[in-house]
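S.K.: sequence-free structure coming up:
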């Protein structure tokens, strides 16, 4: 079974383990990988036009920084493993955006790393992995 595997990637050790695991599966099945990074961004409707312009400028800088500092190095590190690699960088709620990317690219499975968070805040508010398992349009693999 071949397909496109979407990997939520934030540069953490857990994300790298998820990426490596997905690459192994994609190589074995003749699939491809979409490495997706989501920058959380909350909308503010009460900003002045000048503040909105400044915020847009910062957003563009953050996207460029994510591409240069996060995506290019990881793509270089995993290239040559016999798997086609694509990338996507977006803003929004992480789980929701990963689901959107998966649907848009025709992804057949989502892979994310578990961060090991066991604090009270994670239990009360949840984690990206638990939110994703609830809303994902395709099977989700959480890699320890």
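M.R.: Received it, and whenever you're ready, just let me know what you need. Just so it is clear, the model here is predicted, and its values are computed rather than measured.

S.K.: quick one: low-confidence residue ranges for this protein.
M.R.: Confidence mapping of the chain against pLDDT under 70 gives the ranges 1-2, 42-45, 47, 116-126.

S.K.: where do the strands of it begin and end?
M.R.: Counting by DSSP state E, one finds strands in the chain at the ranges 4-8, 32-39, 84-91, 107-113, 140-143.

S.K.: I'd like to know which of those lies nearest to residue 25.
M.R.: When the strands of the chain are ranked by proximity to residue 25, the top entry is strand 4-8, at 6.6 Å, counting by C-beta to C-beta. For glycine as for every other residue, the C-beta is placed from the backbone atoms N, C-alpha and C.

S.K.: now residue 113: closest residue in space that isn't a chain neighbour?
M.R.: In space, not counting the residues next to it along the chain, residue 113 is nearest to residue 14; the distance is 2.7 Å by C-beta to C-beta, 6 or more residues apart in numbering.

S.K.: count the neighbours of that neighbour for me.
M.R.: By the other C-beta atoms under 10 Å criterion, the neighbourhood of residue 14 contains 21 residues.

S.K.: tell me who's in contact with it.
M.R.: When contacts are counted by C-beta atoms under 8 Å, 6 or more residues apart in numbering, residue 14 touches 112-116, 143-144.

S.K.: and if we set it to 6 Å?
M.R.: Applying C-beta atoms under 6 Å, 6 or more residues apart in numbering, one finds that residue 14 lies in contact with 113-115.
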